[in-house]
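Q: I'd like to go over a predicted model; first the sequence, then the structure.
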Amino acid sequence: MSPMKIDHDAIRNLANLLTETDLTEIEIAEGDKRIRVTRTISVQAITAPAQMPAVSAANAPKIAALSPENHPGAVKSPMVGTVYLQSEPGAPRFVTKGAVVKAGDTLVIIEAMKVMNPIKAEKGGTVTEILVEDSQPVEFGQALVIIE
């Protein structure tokens, strides 16, 4: 019986896929060979004190500003790729901070696998933040622009 050859690249790719998709287990099979990769996610329990102190409106903590990822007006990247703020080098940007946009306006372009994908506004409003730089790599779900 010959020893099994381990495909380190395949294992690495599967591990990356687990992380990207938030899966905890993945298995592939080809013929009589199988590769199974699993990961554990640790959850830390936080216990609250038995009695919470009373908070009056006068000394209530101020609500922190929303993070860009949780902002209701955040336009998020639907894919992994490279973001471009204009159609070509030297061209004007699609949008600038303070610009008023309407639903369907192109905000940025994301290049993924040599394909240019326009990312359009789902709603109209004012661009209050542009959270990315031109030619920056972006991840799936990353906030790109905030429209209020």
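A: Done, it's in. Numbering: from 1, shown residues only.
Q: Do me a favour and get the end-to-end distance for stretch 131-139?
A: End-to-end distance for stretch 131-139: 13 Å, by CA to CA, to the nearest Å.
Q: do the same with stretch 74-93
A: So stretch 74-93: terminal residues 19 Å apart, CA to CA.
Q: Outside of it itself, list whatever touches it.
A: Contacts to stretch 74-93, defined as CB atoms under 8 Å, 6 or more residues apart in numbering, come from residues 20, 68-69, 94, 107-113, 116-117, 119, 121-122, 130, 132-147. Where you see a C-beta, it was placed from the backbone N, CA and C, and this is true even at glycine.
Q: Which positions within that stretch qualify as buried?
A: For stretch 74-93, burial by neighbour count (16 or more other CB atoms under 10 Å) applies to 74-77, 81, 83-85.
Q: Between these, which sits nearest residue 5?
A: Distances from residue 5 to the buried residues of stretch 74-93, taken as CB to CB, are shortest for residue 81 (33.6 Å).
Q: Strands of the chain, residue ranges please.
A: 25-30, 33-38, 74-76, 81-84, 100-101, 106-112, 115-120, 125-130, 136-138, 143-147 (DSSP state E).
Q: Name all residues that make contact with residue 139.
A: 77, 80.
Q: how much space between it and residue 27?
A: From residue 139 across to residue 27, the span is 25 Å (CB to CB, to the nearest Å).
Q: Identify all contacting residues around stretch 31-39.
A: Residues lying outside stretch 31-39 but in contact with it, judged by CB under 8 Å, 6+ apart, are 4, 7, 10-11, 14-15, 18-19, 24-29.
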